[in-house]
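Visitor: Sharing a sequence plus its predicted fold:
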Amino acid sequence: METIGSRIKMIRKLNKINQVDFSNRIGISQATLSELEQDKYKPSVDTILAIVEGFKADVEWILIGTKSAEGKAFGIREVNEKEANLFVHFDKLKTTDQDEIIDFIKLKLNRY
């Protein structure tokens with residue numbers, strides 16, 4: 001089940017930023033960010049607004065997991081639930097396993 005913490009982590013990962021840089025950009029400590037991503041605490045309104053402004057994320061998506069009528073969940077492009085789920089699980093794999101999956105995807109794409 002997606003949580004606010006997992007969505008914050010997804011925004012960070014999609015922007016290819018480590019916890020230290022992400023936390024500095026939104027004005028919190030790295031330790032606080034780590035706890036937010038692990039759902040130990042809920043983010044403050046100021047933190048959510050900093051993420052929305054700094055990373056063009058949709059506030060509704062951060063809070064409840066759906067995009068608002070005005071925009072997309074991410075500034076990058078709209079990510080559907082299947083893609084988001086894939087990313088979250090992919091990120092948990094060892095690098096060698098990630099490489100195998102990427103090679104498999106390339107193989108599948110070359111077939112068509």
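Guide: Sure thing, it's come through.

Visitor: Where does the prediction get shaky in the protein?
Guide: Scanning the chain for pLDDT under 70 picks out 1, 67-79, 112.

Visitor: Can you show me the helices along it?
Guide: Listed in chain order, the helices of the chain (DSSP state H) span 4-14, 19-26, 30-37, 45-55, 59-64, 81-91, 95-111.

Visitor: Could you dump these into CSV with mean neighbour count added?
Guide: For glycine as for every other residue, the C-beta is placed from the backbone atoms N, C-alpha and C. Conversion of these to CSV gives the following (neighbours: other CB atoms under 10 Å):
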stretch, mean neighbour count
helix 4-14, 20
helix 19-26, 17
helix 30-37, 17
helix 45-55, 16
helix 59-64, 17
helix 81-91, 12
helix 95-111, 10
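
Visitor: Next, name the residue at the spatial heart of the protein.
Guide: Nearest to the mean C-alpha position of the chain, counting by CA atoms, centre = their mean, stands Met10 at 1.0 Å.

Visitor: Now do that residue against His89, distance only.
Guide: According to CB to CB, to the nearest Å, Met10 stands 11 Å off from His89.

Visitor: swap in Asp97?
Guide: As judged by CB to CB, Asp97 and His89 stand 11 Å apart.

Visitor: which residues does the closest residue to Gly27 other than its chain neighbours contact?
Guide: Spatial nearest neighbour of Gly27, excluding adjacent residues (CB to CB, 6 or more residues apart in numbering): Ala50 at 5.6 Å. Neighbouring residues of Ala50 by CB atoms under 8 Å, 6 or more residues apart in numbering: 25-28.
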